[in-house]
Structure formats: structure tokens, C-alpha cells
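> the sequence and its predicted three-dimensional model are supplied below.
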Amino acid sequence: MTRAAPARSPQDLAGTVSGGIGASPLRPDGTLKVRGEFAYSSDLWHEDMLWGATLRSPHPHARIVRLDVSRALAQPGVHAVLTHEDVPGENVYGLKYQDTPALAEDRVRFQGEPVAILAADHPEIARQALKEIDVEYEVLEPITDPERAAHDTTLPKLHPGGNLVRYQRILKGDPDAAADVVVSGVYEIGMQDQAFLGPESGLAVPDDEGGVDLYLATQWLHVDQRQTAKALGLPPEKVRLTLSGVGGAFGGREDLSMQIHSCLLALRTGRPVKMVYNREESFFGHVHRHPAKMYYEHGATKDGDLVYVRARMYFDGGAYASKTPVVVGNGTTLSVGPYNVPNAKIEGWGVYSNNPTCGAMRGLGAVQPTYAYESQMDKLAAALGVDPADLRIRNAMSEGSTNVTGQVVDFPAPVGELVQRLKDMPLPPERTGAVDIRDLPGGASNVTHGEGVVRGVGYGVTIKNISYAEGLDDYSTARVRLQVIGGEPVAMVHTAAAEVGQGLVTLQQQIARTELGVPRVTVHPADTSVGDAGSSSASRQTYITGGAVRNACRAVAEAVYALAERRLVRPATGMSLAGGKVVADDGEVLTGLAELLGDEVVEETREYHHRKTYPLDPETGQGDAHVQYGFSAHRAVVDVDVELGLVKVVQLDCAQDVGKALNPDAVLGQIQGGSAQGLGLAVMEEIQVVDGKVRNPSFTDYLIPTVLDMPPMRIDVLERPDPHSPYGVRGVGEPPTISATPAIANAIRAATGLELPRVPIRPEHITGT
Amino acid sequence: MRVNVVVNGEKRQADNVWEGESLLYVLRERLGLAGSKNACEQGECGSCTVYLDGVPVCSCLVAAGQAEGREVRTVEGLADGDRLDPIQESFVEYGAIQCGFCTPGLLVTAHDLVARTTDPSDAEIREALAGNLCRCTGYEKILDAVRLAAARKENA
Ligand code: FES
Ligand code: FES
């Protein structure tokens, strides 16, 4: 028997607003969210539930000499304490490589690695009991330098295969080409955190047959199901997952956090177990953005045509592989940016170290090189004595260009136009006379009245691959049902795709309304009872799950036409659905849907697969690796107080091509939110790691942009449909995060004349103190 | 210990409250009011903002005992039955919500701003909302929503 669903379970979303694709209807979950009634994963509650907690390693690298849980288990109110010995299935998981223990065995490889878990009556009992678990560590020297990890074979091996996760080389044209004008630089990027507001959380509810239902916040239900079931030693159908309300994701929920742990505890105790991380634990409980060090050299003709790019880039993956192989793939294949570059030699290394594990974050693998090559473009413009925007326009790729892996861009690529449009936007007025000090760097802290403040303008442009690459078939599945409820035709859309805030639920309704011509569309909670939808990442869900919903709707429509053909005794050809009716091609209404369907339920399930891609050649890195690209460009205007090193971003404008804006308001929301994260990386956000230890695991010390940090934005959305994608869409979510960072860095350089080779740019970098 | 509070106009009692439990914990876990959110428990994010005797506070920083005998108004208490408060309406209308985790706290903060200020300037709105983090929206639509709610109130 299965237990009752927990209180505050995910809700059906059934807005009855109108609005098909191209409109901006209201979110179906908006009212629930403003009323405080939307069921987030941290709100879940079950009558007899216990609270789970995790003991984590305080050391970045150590051998576990002794692990004794008996004292913790003896605490009143504690129901179970588990270690790796209690993992019934395989104690190892991973998105790309199976290298991550669910619970540490004889060794810990990063500070915060889970060592033991327990379940107790109250979260405070659980927290206290963690202290009673006895662990003796033999502390080992941590490996913290990614370049050494890549090349120094004398270092101890963190994993059986060594410390290199992936090496990729790309050779194009003449890798040793020479040029008139050469600029080079070494660029570094700090470790950024997704800092989603809703902490990792979920509730595991055991059934009476050895299975478990897990309600949680994640980005990809099925990959969690597969990995969790393997650790539990259960077939996937005994581990059922349902998506609860997700408080943001940005890549940080792709890897497992509490999934296996909560299920282990629930199955052991026979009681529902809730786990919720607090903010500090969240910093240790998910992967971060790879910090990187990148050596770049650009060569150009005297006229400003790019001749070659040579680059070496190092990505620090930390303790476990997570998405490091993909970061190396994206990083190298996108390494020269949205520019025509005839010759290139690119090398990328992704390594293991004892730093925090790094994996997916918005803009995966493209954020790092974009920061580097866009810094280079400004340097090159200065060396050539030309306008940085014009240099970009001159070298911009376009439809028909061939990228660095030899893949031909066979869809619109209006890169030069994006930059030109930004260039044509008006600049904010210069500061004159009396100013509101709140508008100056430092704001209300009243540190300057304008003296020592200089202004700069900078550009950043990016190219990001949309969807998974290098031969992966990351398909999606949708089930659509059409039936009459209360005398009206109602469509229900059911997928396993994770709504993480981006507005996918709205979009599913819009597509169904458009395809089926019915105003009422319900979105069923996402769960694993329907086929895989892939991850809400890589800007892919609108494209891929949107495509699946469209396909399923069209199959439902075909079934309706067949029904109409039988009932009305006329050929189904030329029929369409509109306004709840079946319409002939001459506009004649043939029948009402309600009338036609009666008690009949039409249900169809369909998949969408994007076009095929291919792995890179291991030697040359050539290959058609990518499905589609997104392009965006930013122009930033900054004021810098050069005496105190404070920066105020005065304006941040963006132009982006989205192919087709299925929901224009949601597109703006993605651009605004993404730009804010890019701003954060430019001037404030970094997980500070010293000797493998995180120094700032809190919102007191890890700063994300507030409303005071975000300037007004002018946004220009282009729509150049991609002939290969459903409705012509292009993924939207990631590019604006990527191009914002270099635009701001370049603006600060323009204002100060400083080299500033590292982001985030801190006050001391500007003042030189 | 036992804690008595008036929440959203209703007398409520929480039993077996531990020393050290916050008002936020009592609201969420003992009184079934999960609308207020916990995103940092350190007074840094504003997701847990509620009115305490009419003043917006971070409920994660208020010890449950401190709330004894006082009045609390949470996001659940902003609407009048089925009728949303104008600030809630404008958040929905302007798409000021993505994941929505910051929304309950922002709504209480913005509700307070709109209630005590007529025609707030942009700088005033920004200052008022500066203690509420949002990771999804970049704040533009939130600003629009607050401006709209303030304008509506002005014209009401
Ligand atoms: S949870 Fe109270 S301020 Fe963040
Ligand atoms: S909408 Fe997600 S944090 Fe604000």
C-alpha cells in the first residue's frame, strides 16, 4: 500500500486565461505563489515524518580511519544513523562519470562531503546528534592547483584514473598561423554559486512494498530516479519522483544532493523523512561554477580581421567529475566566440582537485571563455586603434559561417546586428551638477559626491550552444489528454519537465492552446510516471519539451480529426481546431469539440528528438557537435570610484536573438534575471576557497546583487526563426548571463585603463592596494 | 514552552516550542503557515519577512518567545479572502514572479512601502526593497509591479 501524499503536495495548475504562443499570458502558478500557497519542496509535511540531517567532512582531503555511529544512535529521538555500509545498492553515482560516493567510504575528497546521515524527531535533535558521530580522520595534503593537477603526474591520484577528467584539443586551419597584430592575456574567473533561494529539500515517503515516493526540487526527475534507484538497489519503478515547487535552480540542482540520503533513511525507518539544507549546508551541498584560468592569444591583420586564436584553458572540477567533461567540451568548442576565425589551436583541461566540486551553472562552459575572448577583443581593438564594437561587428559570424570545429552555422546568426543595435541605443546622460549620491558608487553609504568617479562603456558578446551536445540524444516526452469536463473541452499536459521558475508551465499551456484551440489547459505536476523530459538546463526545455508538447498535441488533433471523419462522414483533410471547435479549411465550423468528444478521452504521448549531433574528433576536435546556438550581446555603462575601488553599473543594455519569442514577457524576465547573475560574477560573486576550504558559505559573505546593484536595462529582442526548431525558437535562458560579465569588466577597464585580468573585480583590484 | 500569537487576525497557540525556535519555524512547522520562506536564517535575504505588530521583520531572527502575545501578519494574511491585495495583483500581472521563493517576503516589504508612502520615488522603492534578495528576476519586473501598485493606490 502506498501512503497518503504529503501535505502541501504539488498542485495541478489550471489557469483559464487565454493566450497561445507569441502572447504573454499570466503564469498559472502566479496566484498560488503570491498567496503563499505554492507548495515548495521545503514546505512538504507528513504526519509522522522525521527530519534527516547530514554529517559532512570538515577536511578537503582526508582518510577516514574510524567511523562509529553508536553514540549518535543511542540519542533519544534518533531513529537511524547510516553510513556507506548501509547503502544497499551501488554506493556511487554521477551525471557523466560514476565517481561520487553517496556516502564517503575510506576517503573524503572535499570539505563538506557527506559521511553519515541520520533521522530524528526534530531538526534540532538531528543537528545535535550529528555531533555524537565519531569520525577519526587522517588529514591529507589537498590538491588545489588545477594546472598542477593537469600536468604534475607526481601528485597523488584522487581517482583511480588520475586527476585529469577530460582533455580536448581543437585544431583549425593553420594552428601556427602568423599575424600583423598580436595580443595576449591570462584571464581568471572565480568560483560562482547558483545561490538559488529555495534550499535543497525534499520528502521521502516509503510504501509498504519496499519502494519509496520522493517529492523534491530538482532539474531532471529521471536522472535523479536512475541514480537514486541504483544506490538503493531497487528497480526504477520502485523509486517514484514527483516535482515539488522549485525555488530556482540555475544548474545547481542537476547533481544529487539529498535524494539518495532521504530515501535511505525513509526505507530504513519506515517513516517519511524530510531533509532541508540550511544556507550554509547548501553551499556545501551542491556543485558550483568551474573557476578557470585561461591563456589567450589573438592574431589579426592590420585591418582588423581575426587571423587566429590560440588558447589554453584550465577548468577546476573539484572533487568529482559532475559536468566537468561537458564544461571542457563547451569551453573549447565555444572558445573563439561568435566570430569568424580561420585558424585556431585550442586546448582545454578539466581536472580533479580537492576544491569544492564544480558542475553545471547557467552558461555552462561558455561563461569562462567568453570572459576571456571578450577581454581579448577589447585589447585587440586598443592595439588596432579601432572602436571595440566595430571590431566585433567586422568579425561577427553569420549564417553560413563555419565555427572552430568545422560545423556550418545553418540558421540565422545575427551577431553583428546585435552589436550594432546596442551601439545605436542612446547612452545615459553624463552626470552634471548636483547628483543624488544614491546613484553613485557606494550609494547611500555616502562615500563620494562625484569626485574620483570615472565613467566607462564596454561590450560583451557571446555564443552558447543550446541543448546537449556531442552526440547526446536528450529527448523529451509529453502526454496530452483532451476530454470534456463540465461541458467544456479541457486539455491536460503531463511531462516530467521541471518548472524551476523559468515559466515552462505557462509555455506548455500556450502550446496546447495554440495547437488544440481550447482555452482551458491544465498542467499536471511533473513526475516520473510519464517518460523522460531531460533536464531543465542548457536553455533546452522550451525547444525540446516544447517540441514534445507540440507533437503530442498534434497527435491528439489527428485523433480528433479521425473521430470527426467517422462521425461526420467527411474526409479529415484540411480540418483544424480553433475556439473549441473543429473547423474546415474554408472556415466552416464542422462541430463543437465538446459535442464531438462526448465521453471520449483522447490521449497521446509523443517524444521530441532534436537533430543529431556528433562527438568531436579526439585528435582535431572537429565535428558537428552542437544542435543550435543562442547569441546575446550586452553594453554596460559603469561609474567607478577609482579612489575606493567601488563600481556602480549605471546601465546594462542587452540585445538577444531568441528565434521566436513564444512568451515575450518571460523572455524579458530571463534576460533581466540572467543579466543580474552576470553582473554578480563581474563585480561581487565568488566562493572564496583557501587550501580547499570555503571561507564564505553564507549570504552575509557571499554577495548576490540586490535591487540597488541592478541598473535599468534596455532590451532589444530579435526574432530570427531557426528553421530546424519547433516554432523557430532558440534557447533563451543562458546567453544573457554570459555576455553581461565581460561587458561590465570591459566598461570598468575603459573607465580606469587598468588591465583587470580577473573577475569578480574587487575594490582592491581597482585601487591596487 | 507555549507560545500565543495572533496570526492574520486569528488567535493561535503553539505547544512544545523549543528554546531557540524562531518565529519563522513556529509559523511554518507548528502553525502550518508555510508561506513565509526560509532561505538563509540569518536575516540576509528577506524571504521570511512578516509584519510583527505592524512592522516588517525577518521572522527568522525573531525568537518564538519574543512573539508571545503579539500580532503577526504573514503573506497568507495579505489577501482578503479570494480578493488579492493590490500588491499581489500587480506582482502577478507584471510577471514579477519566477520561482517565487522571494515573493512572500517581497510582498510584505512592498505592502508596507505602499501603505506608508504615497508616490514613492524610484530610489525610495529600491531602498525599501534592498533587504529582499531575488535570484531569478533581476528585479526589473518587481520594480514595475511596486510602481504599479503604488500608482493604483494613489488613484484609488
Ligand atoms: S530567511 Fe530570514 S532573512 Fe533569510
Ligand atoms: S523569483 Fe526566484 S528568487 Fe525571486
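On my side now, so go ahead. Ligands and ions are numbered 1, 2, ... in the order given.
> ligand 2 contacts on chain B?
For chain B, the residues in contact with ligand 2 (CB under 6 Å from any ligand atom) are B:97-102, B:134-137. No exception for glycine: its C-beta is placed from N, CA and C like everyone else's.
> if we go to 8 Å?
B:47, B:96-103, B:106, B:133-137, B:142 (CB under 8 Å from any ligand atom).
> same question, chain A
Among all residues of chain A, those adjacent to ligand 2 (criterion: CB under 8 Å from any ligand atom) are A:196-198, A:247-248, A:501, A:673.
> show me the strands in the stretch 501-650 of chain A, by range?
Taking DSSP state E, counting those that start in this stretch as the criterion, the stretch 501-650 of chain A contains strands spanning A:521-523, A:576-578, A:581-583, A:589-592, A:602-608, A:628-641, A:646-657.
> would you list the ones you listed in JSON lines and tack on mean neighbour count?
As requested, these are arranged in JSON lines below (neighbours: other CB atoms under 10 Å in any protein chain shown):
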{"stretch": "strand A:521-523", "mean neighbour count": "25"}
{"stretch": "strand A:576-578", "mean neighbour count": "17"}
{"stretch": "strand A:581-583", "mean neighbour count": "20"}
{"stretch": "strand A:589-592", "mean neighbour count": "15"}
{"stretch": "strand A:602-608", "mean neighbour count": "19"}
{"stretch": "strand A:628-641", "mean neighbour count": "27"}
{"stretch": "strand A:646-657", "mean neighbour count": "25"}
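> among the residues of chain B next to ligand 2, which ones are buried?
B:47, B:96-103, B:106, B:133-137, B:142 (16 or more other CB atoms under 10 Å in any protein chain shown).
> and chain A, which of these contact it?
When contact is defined as CB under 8 Å from any CB of the partner chain, those meet chain A at B:47, B:97-103, B:133-137, B:142.
> would you mind giving the secondary structure of the one residue sitting closest to the centre of chain B?
Compute the mean C-alpha point of chain B, and by CA atoms, centre = their mean the closest residue is residue B:108, 3.0 Å away. Three-state call for residue B:108 (DSSP: H, G, I helix; E, B strand; the rest coil): helix.
> now the one 4 residues further on
Of the three states, residue B:112 takes helix under three-state DSSP.
> how about it: what's its closest non-neighbour residue?
The spatially closest residue to residue B:112, leaving aside those adjacent along the chain, is residue B:56, at 4.9 Å (CB to CB, 6 or more residues apart in numbering or on different chains).
> quick check: that neighbour is in a strand.
Yes - per three-state DSSP, residue B:56 lies within a strand segment.
> tell me how far the residue lying closest to residue A:513 once chain neighbours are set aside lies from residue A:529.
In space, and not counting its chain neighbours, residue A:513 is closest to residue A:20: 4.6 Å by CB to CB, 6+ apart. Counting by CB to CB, to the nearest Å, the gap between residue A:20 and residue A:529 amounts to 27 Å.
> could you find the closest non-adjacent residue to the closest residue to ligand 1 within the stretch 651-769 of chain A?
Taking CB to the nearest ligand atom as the measure, the point where the stretch 651-769 of chain A comes nearest ligand 1 is residue A:699, at 7.1 Å. With sequence-adjacent residues excluded and distances taken as CB to CB, 6+ apart, residue A:699 is closest to residue B:44, at 3.7 Å.
> so what's the residue count around the one you found?
21 (other CB atoms under 10 Å in any protein chain shown).
> in contact with it, which residues?
A:698-700, B:133 (CB atoms under 8 Å, 6 or more residues apart in numbering or on different chains).
> contacting residues around the residue nearest to residue A:513?
Residue A:20 makes contacts with A:510-511, A:513-514, as judged by CB under 8 Å, 6+ apart.
> returning to what we had before: ok, and of the buried ones among the residues of chain B next to ligand 2, which contact ligand 1?
Among these, the residues that sit close to ligand 1 (CB under 8 Å from any ligand atom) are B:47, B:133.
> distance-wise, check the nearest residue to residue A:395 once chain neighbours are set aside relative to residue A:673.
Beyond its immediate neighbours in the sequence, the residue positioned closest to residue A:395 (CB to CB, 6+ apart) is residue A:339, lying 4.3 Å away. Residue A:339 sits 27 Å away from residue A:673, going by CB to CB.
> those two: who's more crowded?
Neighbours per residue (other CB under 10 Å) separate residue A:339 from residue A:673, with residue A:673 holding more: 29 against 23.
> assumed the more buried one was part of a strand.
No - secondary structure assignment places residue A:673 outside any strand; it is helix (three-state DSSP).
> check contacts around it.
By CB under 8 Å, 6+ apart, the residues touching residue A:673 are B:98, B:135-138.
> rerun that using 7 Å as the cut-off
B:98, B:136-138 (CB atoms under 7 Å, 6 or more residues apart in numbering or on different chains).
> again with residue A:163
With CB under 7 Å, 6+ apart as the criterion, the residues that contact residue A:163 are A:143, A:149, A:155, A:157, A:351-352.
> now with 6 Å, please.
With CB atoms under 6 Å, 6 or more residues apart in numbering or on different chains as the criterion, the residues that contact residue A:163 are A:149, A:351-352.
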